[in-house]
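Student: Predicted model follows, preceded by the sequence.
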Amino acid sequence: MMHLHVHPENPQQRLIAQAVDPTDAAYAIGCQIGNKNAMERIAQIRGLGPKHQYAIMCCDLSDIATYAKVDNATYRLLKANTPAITTFILPATSEVPRRLMHPKKKTIGLRIPSNPICQALLKELGEPLLTSTLILPGQEDPLDDPYDIENQLDKRIEVFIDGGFGTLTSTSIVDLSGEHPEIIRRGVGDVSAFE
């Protein structure tokens with residue numbers, strides 16, 4: 001495993017160019033959207049079932065029409081509240097591979113991160129990433145200690161971006177797929193605009 005020590009506020013561009021696993025709340029595990037084998041490895045590491053709601057992390061809202069069906073009002077709401085430490089659940093478009101969306105609801109999670117490491121990584125990659133909070137089976141809280149992450153996942157991941165100690169708090173989740181916004185989880189992100 002490659003272990004990269006990235007400055008949390010001024011990420012080094014040369015290190016970002018080598019990386020693929022971003023986060024801006026608790027640590028997350030991620031891969032390129034089209035990499036089915038990596039997605040299966042994430043599911044195995046996390047112990048996830050087929051109903052898990054993955055999130056697509058985008059640099060900005062320019063990719064939203066590819067992955068989510070949004071009307072003008074929802075787009076304005078997202079524009080006013082991103083970047084943020086919030087995952088938004090939205091109706092998935094037909095462009096989204098079935099394996100990425102919720103099997104019954106046909107929704108997808110979407111994040112526009114505010115974290116400088118995540119933003120630099122997404123800009124360098126030039127495409128969104130599939131992500132999931134790094135919570136291991138049998139644990140309730142995400143991993144937050146870079147030493148623990150490296151020890152527990154050593155040979156199971158390709159790259160580890162060490163941005164220092166994380167937080168034990170996950171992102172907030174707001175479901176925008178229904179008639180009214182619904183706060184699914186209160187985490188790090190401010191969700192007052194959706195109450």
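Tutor: Looks like it arrived, so ask away.

Student: Which stretches in this protein count as helices?
Tutor: Assignment of helices within the chain using DSSP state H yields the ranges 13-16, 36-46, 64-67, 72-80, 116-125, 146-153.

Student: out of those helices, nearest to residue 97?
Tutor: helix 36-46 (8.2 Å; Cβ to Cβ). C-betas here are computed from N, CA, C, even on glycine.

Student: the inter-axis angle of that closest one versus helix 146-153?
Tutor: 110 degrees (axes from the mean of the first three to the mean of the last three Cα atoms, to 10 degrees).

Student: if we look at helix 36-46, which residues are touching it?
Tutor: For helix 36-46, the external contacting residues (Cβ atoms under 8 Å, 6 or more residues apart in numbering) are 29-32, 48, 52, 54, 99-100, 130, 132, 134-137, 153, 156-157.

Student: cutoff 6 Å now
Tutor: Under the criterion Cβ atoms under 6 Å, 6 or more residues apart in numbering, residues 29, 31, 132, 156 lie in contact with helix 36-46.

Student: Just give the nearest non-adjacent residue to the most centrally placed residue in the chain, would you?
Tutor: Geometric centre of the chain, nearest residue: residue 131, 3.8 Å, by Cα atoms, centre = their mean. Closest residue to residue 131 apart from its sequence neighbours, by Cβ to Cβ, 6 or more residues apart in numbering: residue 30 at 3.9 Å.

Student: Could you do residue 117 as well?
Tutor: Residue 117 sits nearest to residue 11 (Cβ to Cβ, 6+ apart), 4.7 Å away.

Student: and the one you found, what pLDDT?
Tutor: Per-residue confidence (pLDDT) for residue 11: 75.

Student: Equivalent analysis for residue 168, please.
Tutor: For residue 168, the predicted pLDDT is 60.
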